[in-house]
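1. Fold the following and give me the result.
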Amino acid sequence: MDDRLGLPRGAFAKIDAEEDELFYELPRLVCHIDDGAIAALTEFYRIALPAGGVLLDLMSSWVSHLPPEIEYAEVIGHGMNAAELAANPRLTRWFVQNLNRDPNLALADATVDAVTVCVSIQYLEQPVAMLRELARVLRPGGPLVISFSNRCFWTKAVAIWRALEGDGHARLVELYLRHAGFERIETHKLAEWVEDFSDPITAVVGRAPAV
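-> Got it, this is the predicted structure:
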């Protein structure tokens, strides 16, 4: 058992255990959720993210789904493919880093107002260590918005994610956030699944600890 999370041995194993750099070597300039889910997530960002703030878009791509009419002081992007990040017009600056190998970020303490992790939490092999690092770079009380759907790169998702679905995914993310020290954790179902019509989208929000 994992001493911190109480999960079975092998919970963070993957079907494809090759280095992530190989899997993400070619750019994928596609959306990983449908238009309805994107619209619901963008609307949630309007109320959850501070306008004019510094954002960190962790595990980003060529699109960030941020509200187009809202300006932010800076949007720092992170991902695994340089071409995807370079194509993202919302990013002020960006960096490539394999978080499963090294979850430490080259960002100063308490310098970010909000963090987004969009449809990617299922790929982290050290989720609590990564979220603790996000708590470090967030200003006290700053929100971390973790969104996910029922889609993923199956062979790159960790075993515990593959074993769960729906509400189970939300409870798992809540567990990660609690063990990473986040406060005021809330789950929001932004769009429900409709067969052959719409992707579901859920956002779990935690706040960095107050000083």
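2. going forward, measure contacts and count neighbours with C-alpha atoms only.
-> Will do.
3. Tell me the spacing between residue 175 and residue 206.
-> Look at residue 175 and residue 206: by Cα to Cα, to the nearest Å, they are 11 Å apart.
4. Neighbour count: the two, which is higher?
-> Each of residue 175 and residue 206 has its neighbours counted (other Cα atoms under 10 Å); residue 206 has more, 25 against 17.
5. What does the pLDDT read for that one?
-> You'll see residue 206 listed with a pLDDT of 98.
6. who touches it in this structure?
-> 143-145, 177, 182-186 (Cα atoms under 8 Å, 6 or more residues apart in numbering).
7. Now it. Nearest residue, chain neighbours left out?
-> residue 185 (4.4 Å; Cα to Cα, 6 or more residues apart in numbering).
8. for residue 161, same thing?
-> The nearest residue in space to residue 161 (Cα to Cα, 6+ apart) is residue 122, at 6.0 Å.
9. list the helices and strands the lengthiest strand in the chain packs on?
-> Criterion DSSP state E: the longest strand present in the chain is strand 183-191. Judged by 3 or more Cα pairs under 8 Å, 6 or more residues apart in numbering; DSSP states H and E, strand 183-191 is in contact with helix 35-48, helix 167-179, strand 201-207.
10. buried sites along the lowest-mean-pLDDT helix or strand in the chain?
-> Ranked by mean pLDDT, DSSP states H and E, the weakest helix or strand in the chain is helix 20-23, scoring a mean of 83. By 16 or more other Cα atoms under 10 Å, the buried positions in helix 20-23 come out as residue 20.
11. before we move on, what about stretch 183-196?
-> Buried residues in stretch 183-196 (16+ other Cα under 10 Å): 183, 185, 187, 189-191.
12. Same check on stretch 115-129?
-> 115-125, 127-129.
13. What about those, which are in helices?
-> 127-129 (DSSP state H).
14. Please report how far residue 80 lies from residue 157.
-> On the measure of Cα to Cα, residue 80 and residue 157 end up 15 Å apart.
15. likewise residue 190?
-> 22 Å.
16. now residue 177
-> Separation of residue 177 from residue 157 (Cα to Cα) stands at 18 Å.
17. higher neighbour count, these two?
-> Neighbours per residue (other Cα under 10 Å) separate residue 177 from residue 157, with residue 177 holding more: 26 against 21.
18. Give me the pLDDT for that one.
-> 98.
19. Now do the contacts for it.
-> Contacts of residue 177 by Cα under 8 Å, 6+ apart are 128, 131, 183, 185, 206.
20. So in terms of bridging, what pairs with the residue nearest to the third one when sequence neighbours are not counted?
-> In other words, residue 183. Nearest residue to residue 183, sequence neighbours excluded (Cα to Cα, 6+ apart): residue 207, at 5.0 Å. With DSSP bridges as the criterion, residue 207 is bridged to residue 143, residue 183.
21. Low-confidence regions, this protein specifically.
-> Judged by pLDDT under 70, the chain has its weakly predicted residues at 1-4, 29-30, 193-197.
22. Specify the beta-bridge partners of the residue nearest the centre of it.
-> Note on the chain: the residue nearest the mean C-alpha position is residue 117, at 1.8 Å, using Cα atoms, centre = their mean. Beta-bridge pairing for residue 117 (DSSP bridges): residue 58, residue 146.
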